[in-house]
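Engineer: Need coordinates for the following:
(2 chains)
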Amino acid sequence: MKGERAVFQEKSRFLAALGMTRSVKTIPKSGFLARKERGLGMTIAGGVATVLLGGMVCSGLVPVARAQVTAQRLLDSAREPRNWLMYSGDYAGRRYSTLDQIRTSNVSSLVPKWAYQTMAGGKFEATPLVVDGVLYATGADDRAFALDARSGRPIWQYQRALPPDIRPCCGRVNRGMAILGDKVFLGTLDAHVIALDTRTGNVVWDVGTSDYNKGYSITLAPLVIKNLVLIGVSGGEYGIRGFIDAYDGATGARKWRFYTVPGPGEPGHETWEGDSWKIGGAPAWITGTYDAATNTTFWTTGNPSPSNRGEGRGGDNLYSNSLLALDPDTGKLKWHFQFTKHDEHDYDATQVPVLVDEGDRDLILQANRNGFFYVIDRASGKLVSATPYGRVTWSNAKDASGVPIERKEASPTLTGVPVCPGALGATNWFSPSYDPQTKLFYVTAREQCDIFSTAPQPYDAGHAFYGSAYFPNDDSQPFWGAVRAIDPATSQIKWELKHLSPSWSGVLSTAGGLIFTGDAEGNFMALDAASGKILWHFQCGASVYASPMTYAIDGKQYVAIAAGSTLFAFGLP
Amino acid sequence: MLALKFAEKTAFCLLRTFTNFPCRRARPAILVFIAIGLPVHGVFAQEKNPYAGDEKIAKLGGYQFRLNCAFCHGLGARGGGRGPDLTRAQKRHGNSDAEMFHNIHDGIPGTAMPAATNGGIGVGMSDEEIWQVVTYLRSVQVKAPEQPAGNAEHGKELFNGALGCSTCHMIQGKGGRLGPDLTTVGGSRSAEYLVESVRNPNRRLAQGIFEAMKEFPQEYETVSVVTADGTKLSGVVLNQDQFTLQMLDTREQVHLFEKDKLRSFETRRESAMPAYEQKTLSDKDLQDVIAYLQTVGAQ
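Structural biologist: So this is what the prediction gives:
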């Protein structure tokens, strides 16, 4: 917080020197509300700075049109493949690019073009955005930066001053930003949403969403739809009550909130035993997708709390581990589909829901953490099919509508039961990809079983609350992983490339006939999208915990990936 | 979302080495400096466990242990595939309350033990929760140090002589390199673990190198290769990835290969160590070898 205040005071002095003084509120020192208020203070200062820069724009120093990302540009992202305008590359969540300069025939000559060191510890999970030659990304501890996407040279850097007692369950990570107009947006580990000026990195607005002391945090990249910034929260390990929010991109004012655990009187509330809904979890911690044709946004949710112990929260526990179809203007629920009912294995459904049109059917594809590949009708939310794409032992039956249901013996016990997939899932948050050329869906799969045991644990606000322990099943085969190409028409696996150990890298597909992905041994590689054959690889020096993206500047295509604390960009020589 | 926790754990255990001060024996002046310089890490506030002997707190600590520690240290703290047995009174990295707190709070550099804070261990623990865990560990600690039942002197003779252990295993700088160094194993692993490792080495392969950010360490797998010129080699894997292999052959020579240049290669998840059964190693002699390892490990 000291850092932000210093920046703020600096800016005040700067403005004062220019004769642009303006009375600013006293900045409170700390506390949840205090931060919120300070956010308002920043808004005023940011506004002045924007005016100032606006003046420079008018005098011709900065081409204003270049910096403006309108809502229409986001809708038409396919028209400008040189840019990567949102987390998954497009609203359909396909992580596919029509750029084809780098292709199967020349990818073997790919070379690193630049590397940017964040100097951050922990995992680097971000997917950068690229807009008109500028790359925007985030790193661990809620840092953000803008780079010259041609050279990797920084233009500005921002570092959130985080409170010492934040509660990120699984690393001090951030997966990236969203952009609208001249602002980029990120969620923070202390559960704020902030807007930064794309030209300076200055905070334009800063809004608290929830109380980090109770275990709320934000790690996902927001999704911009029209003038709204949509986010969801993390905290399924702390007994939070999950939600999805929408904020006005211009002001930060909250427009709506959808609680992923229904309250009294709301449909779905009856799926929770007693008061368990109050600490029901169901965090929405991966970026959603959007279908403009029907004006529907699709979001997925994580585990019910406590994640691995169903006792005390009897019922299906809606809308945990679900796919939600929401009206982006109002947050109103259109339909829901629950992948894992009454989950006891931490099978968060937080995998990007991919929108695909097959003939006259509009579908959603998801390779779920629970090991099933789901095909869902996008209009109705009805299941089309659910087929295992990895080793599954938690379920051996389906209900009348074809939805896989838990095998009773897979329920965790005090001494532990072996279950596949393990606690980390058959896949996890890292992105899949759908390639409209090959008509294949690519996913990084993990083959790891675990022993699940319970830990009867009382809820204590802000303290870890997942009611279980799990252990590697050390009698089993060594853990391994694979990139799998699934044909959505048949749900059959067309090819797989084995990884020596389970990977945390997402997949990018391109019109060059390629897919890009990384492995836990630090390799970043290009595969033939049709066969899975490795065509090129580069050793990054640290495991890849991110999904790749691609962009172009001056007619030259680049592919970027985060690994370790470094962002790499590759291109043809 | 727990899913991400283990990965972060390994990441932190390695990064810690570069970022953290050796604060275990830090003087007050240094602690003040840390307090200012690294506010996020917090400061170790007290030397004594405020909850010592409190059974209710020990129970809470038991929950915390299951959530955050049992993945490596096993249920009941008796050691798992990765982490040492913590029920032993003699702990390799310190026995005092303050040392245990520090080891959990800050991790142990050079080992797989990550820091509890910042999501390093499990979902992370507050100072209060760390003290709960320390209280729990005291409650499950075996009363007296594990007394070697066997004859350590005779065990040493067997280790270096008839059994041939030292051909592959080093102890205090003497012995072979093909298997893991066993200098400290007797101080951190339970007798049952050691017995199992000798009787059935394939059951759980020893861990080798931990890489930055990687969840799972390379294990001591067996490898056989045939090089492009037809040379046959076998030994253990030091490390490997999709494209390259780093191995130690049975003559302790290091070989670095690109896999696509080899005529063939095969790794097996088997220990290069023979299983010592009753007929080659009696229970009594095994007890003596364990006693030797424990004696060395306690030093």
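
Engineer: going forward, measure contacts between C-alpha atoms and count neighbours the same way
Structural biologist: Noted.

Engineer: Tell me the confidence at A:Val354?
Structural biologist: With respect to pLDDT, A:Val354 has a value of 98.

Engineer: Surely it is in contact with A:Ala92?
Structural biologist: Yes - here A:Val354 lies in contact with A:Ala92, judged by C-alpha atoms under 8 Å, at a distance of 5.8 Å.

Engineer: between these two, what contacts are shared?
Structural biologist: A:Thr289 (C-alpha atoms under 8 Å, 6 or more residues apart in numbering or on different chains).

Engineer: Those two: which is more packed in?
Structural biologist: A:Val354 (26 against 23; other C-alpha atoms under 10 Å in any protein chain shown).

Engineer: Kindly state the beta-bridge partners for that one.
Structural biologist: Counting by DSSP bridges, A:Val354 is bridged to A:Leu365.

Engineer: Now do the contacts for residue 190.
Structural biologist: You didn't say which chain, so I picked chain A. By C-alpha under 8 Å, 6+ apart, the neighbours of A:Asp190 are A:162-163, A:166-167, A:211-212, A:216-218.

Engineer: should've been chain B
Structural biologist: B:Ser190 touches B:78-79, B:84-85, counting by C-alpha under 8 Å, 6+ apart.

Engineer: repeat that with 10 Å
Structural biologist: By C-alpha atoms under 10 Å, 6 or more residues apart in numbering or on different chains, the residues touching B:Ser190 are B:78-80, B:84-88, B:146, B:196, B:290, B:294.

Engineer: center of chain B, which residue is that?
Structural biologist: Note on chain B: the residue nearest the mean C-alpha position is B:Gly83, at 5.0 Å, using C-alpha atoms, centre = their mean.

Engineer: in a helix, that's where that one is, yeah?
Structural biologist: No - looking at B:Gly83 with DSSP: H, G, I helix; E, B strand; the rest coil, it is coil, so not inside a helix.

Engineer: my read: A:Val184 touches A:Ala178, true?
Structural biologist: Yes - in this structure, A:Val184 is within contact of A:Ala178 by C-alpha atoms under 10 Å, at 5.6 Å.

Engineer: Which one of those two is surrounded by more residues?
Structural biologist: Neighbours per residue (other C-alpha under 10 Å) separate A:Val184 from A:Ala178, with A:Val184 holding more: 28 against 24.

Engineer: A helix includes B:Ile104, no?
Structural biologist: Yes - according to three-state DSSP, B:Ile104 belongs to a helix.

Engineer: Tell me how many other residues surround it.
Structural biologist: B:Ile104: 23 neighbours (other C-alpha under 10 Å).

Engineer: Look at it and report its pLDDT.
Structural biologist: For B:Ile104, pLDDT reads 90.

Engineer: and the gap between it and chain A?
Structural biologist: B:Ile104 is 16 Å from chain A, where distance means C-alpha to the nearest C-alpha, to the nearest Å.

Engineer: Help me confirm that that residue comes into contact with B:Ala112.
Structural biologist: No - contact between B:Ile104 and B:Ala112 fails when scored by C-alpha under 10 Å: they sit 11.8 Å apart.

Engineer: For the stretch 151-299 of chain B, what lies in contact range of chain A?
Structural biologist: B:202-205, B:211-219, B:239-243, B:269 (C-alpha under 10 Å from any C-alpha of the partner chain).

Engineer: where along the stretch 351-500 of chain A do the helices fall?
Structural biologist: Using DSSP state H, counting those that start in this stretch, the stretch 351-500 of chain A contains no helices.

Engineer: Please apply the same query to the stretch 1-150 of chain B.
Structural biologist: Going by DSSP H, counting those that start in this stretch, the stretch 1-150 of chain B shows helices at B:5-19, B:28-37, B:55-68, B:70-73, B:97-106, B:127-140.

Engineer: re earlier: go through the residues of the stretch 151-299 of chain B next to chain A and flag which are in strands.
Structural biologist: In strands, defined here by DSSP state E, the members of these are B:239-240.

Engineer: any low-confidence regions in the chain?
Structural biologist: Looking at chain A here, since you left the chain open. In the predicted model, chain A carries pLDDT under 70 at residues A:1-67, A:473-477.

Engineer: Actually, chain B is the one I wanted.
Structural biologist: B:1-46, B:81, B:117-123, B:143-148.

Engineer: re earlier: next, show the common contact partners of A:Val184 and A:Ala178.
Structural biologist: A:129, A:136-137, A:195, A:222, A:224, A:229.

Engineer: now, which of the residues you listed sits nearest B:Asn68?
Structural biologist: Distances from B:Asn68 to those, taken as C-alpha to C-alpha, are shortest for A:Pro222 (29.9 Å).

Engineer: Would you confirm that the closest one contacts A:Val193?
Structural biologist: Yes - judged on C-alpha under 10 Å, A:Pro222 makes contact with A:Val193 at a distance of 8.9 Å.

Engineer: which one of the two has more residues nearby?
Structural biologist: More crowded of A:Pro222 and A:Val193, by other C-alpha under 10 Å: A:Pro222, with 30 against 22.

Engineer: I'd say B:Gly53 and B:Val133 touch.
Structural biologist: No - here B:Gly53 lies out of contact with B:Val133, judged by C-alpha under 10 Å, at a distance of 11.9 Å.

Engineer: Neighbour count: the two, which is higher?
Structural biologist: Ranked by neighbour count (other C-alpha under 10 Å), B:Gly53 and B:Val133 place B:Val133 first, with 28 against 13.

Engineer: Now the more buried one: closest residue in space, sequence neighbours ignored.
Structural biologist: Computed as C-alpha to C-alpha, 6 or more residues apart in numbering or on different chains, the closest residue to B:Val133 that is not its neighbour in sequence is B:Gly61, at 4.1 Å.

Engineer: circling back: just checking, which of the shared contacts of A:Val184 and A:Ala178 belong to strands?
Structural biologist: A:129, A:136-137, A:195, A:224, A:229.

Engineer: Kindly indicate which of these lies nearest A:Tyr551.
Structural biologist: A:Leu129 (8.9 Å).

Engineer: Give me the neighbour count for that closest one.
Structural biologist: Neighbours around A:Leu129, by other C-alpha under 10 Å: 27.

Engineer: Could you do B:Arg138 as well?
Structural biologist: Residues near B:Arg138, counting by other C-alpha under 10 Å: 19.

Engineer: Verify the stated contact: A:Arg407 with A:Asp399.
Structural biologist: No - using C-alpha under 10 Å, A:Arg407 is not in contact with A:Asp399, being 11.7 Å away.

Engineer: More neighbours: which of the two?
Structural biologist: A direct count of neighbours by other C-alpha under 10 Å for A:Arg407 and A:Asp399 places A:Arg407 higher, at 13 against 8.

Engineer: Not including adjacent chain positions, what is the nearest residue to the more buried one?
Structural biologist: Nearest one to A:Arg407, counting by C-alpha to C-alpha, 6+ apart, is A:Ser395 at 4.8 Å.

Engineer: before we move on, back to that, okay, the ones in strands among the shared contacts of A:Val184 and A:Ala178 in JSON lines with distance to chain B next?
Structural biologist: Output for those, formatted as JSON lines (distance: C-alpha to the nearest C-alpha, whole Å):
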{"residue": "A:Leu129", "distance to chain B": "23"}
{"residue": "A:Tyr136", "distance to chain B": "24"}
{"residue": "A:Ala137", "distance to chain B": "20"}
{"residue": "A:Ala195", "distance to chain B": "24"}
{"residue": "A:Val224", "distance to chain B": "24"}
{"residue": "A:Val229", "distance to chain B": "23"}
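
Engineer: Out of the residues you listed, flag the one nearest to A:Ala562.
Structural biologist: So of these, ranked by how close each gets to A:Ala562 (C-alpha to C-alpha), first place is A:Ala137, at 9.9 Å.

Engineer: ok, now which ones touch the closest residue to the closest one other than its chain neighbours?
Structural biologist: For A:Ala137, ignoring the flanking residues on the chain, the nearest one in space by C-alpha to C-alpha, 6+ apart is A:Pro128 at 4.4 Å. A:Pro128 makes contact with A:84-89, A:134-139, A:145-146, A:175-178, A:221, A:547-550, A:560-562, A:567 under the criterion C-alpha under 10 Å, 6+ apart.

Engineer: Look up how far A:Ser543 lies from A:Pro128.
Structural biologist: Distance from A:Pro128 to A:Ser543, counting by C-alpha to C-alpha, to the nearest Å: 18 Å.

Engineer: Having no further points to raise, I will conclude here.
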